[in-house]
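[1] no sequence on hand, only this structure:
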């Protein structure tokens, strides 16, 4: 389980987990689509890992929740190729989890899915996010479902941007709930 960094760090882990579990599902909870083919000329950047995962494992094995920022092309790609649930997390997750059965799942959560009022300590804050209560509910929904969580991470926690330590408190609670719920 990782804390900090960006989804760029997650990409090599997803490749390795997919090699072990070829029927892997990726649950991606984030404010940003991360579906670009390249960003500022770089094919491997913080804006590309989910697109790379889709090419590797097939878009229908990816479920994205909470996305509220991305290019027109990213949203189009998401709607056409991925199980894409923009702007919301808990309600669509509740509906999607039964479709996943007991398959192996990697869960990646970007702290910026939360509204900046709940988690200002991130490098890419986006207004209009969900509450920490809803994100904890999402973790519990995953934990109480039949999916087999084989890996997870929480990324983009940047304490230097939050002197109130609010983001760190939320991140610690999320990691606690992930450990207690996902480890069986």
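    Thanks, I have the structure now. Everything quoted here is computed from the prediction, not taken from an experiment.

[2] below-threshold pLDDT in this protein: ranges please.
    Applying pLDDT under 70 to the chain flags residues 1-9, 36-48.

[3] how about the strands of it, start to end?
    For the chain, the strands defined by DSSP state E cover 2-3, 25-29, 62-65, 83-85, 104-110, 148-155.

[4] among those strands, which is nearest residue 76?
    Closest to residue 76 of the strands of the chain is strand 83-85 (CB to CB; 9.8 Å). In short, each C-beta sits where N, CA and C put it, glycine included.

[5] residues contacting the closest residue in space to residue 32 that isn't next to it in sequence?
    Excluding the flanking residues, the one nearest residue 32 by CB to CB, 6 or more residues apart in numbering is residue 69, at 5.0 Å. Applying CB atoms under 8 Å, 6 or more residues apart in numbering to residue 69 gives the contacts 31, 32, 33, 126.

[6] all helices of this protein, in order?
    Assigned by DSSP state H, the helices in the chain fall at 7-20, 49-57, 72-81, 90-100, 132-143, 166-182.

[7] would you list the contacts of residue 69 in a markdown table and tack on distance to residue 62?
    Formatted as a markdown table, those follow (distance: CB to CB, whole Å):
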| residue | distance to residue 62 |
| --- | --- |
| 31 | 16 |
| 32 | 14 |
| 33 | 11 |
| 126 | 20 |
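
[8] considering those, which possesses the most neighbours?
    Greatest neighbour count in the contacts of residue 69, by other CB atoms under 10 Å, goes to residue 31: 28 neighbours.

[9] which one is residue 61 nearest to, not counting chain neighbours?
    Nearest non-adjacent residue to residue 61, counting by CB to CB, 6+ apart: residue 25, 5.2 Å away.

[10] ugh, wrong one, I meant residue 23
    Closest residue in space to residue 23, ignoring its immediate chain neighbours: residue 103 at 5.4 Å, by CB to CB, 6+ apart.

[11] list the contacts of that neighbour.
    23, 24, 25, 147, 148.

[12] and what of residue 54?
    By CB under 8 Å, 6+ apart, the contact set of residue 54 is 35, 62, 81, 82.

[13] repeat that for residue 165.
    With contact set as CB under 8 Å, 6+ apart, residue 165 has these partners: residue 159.

[14] I'd like to know how far it sits from residue 157.
    11 Å (CB to CB, to the nearest Å).

[15] again, but for residue 139
    Taking CB to CB as the measure, residue 139 falls 15 Å from residue 157.

[16] hang on, the earlier thing: out of the contacts of residue 54, grab the one that's most surrounded.
    With neighbours taken as other CB under 10 Å, the top of the contacts of residue 54 is residue 35, carrying 29 neighbours.
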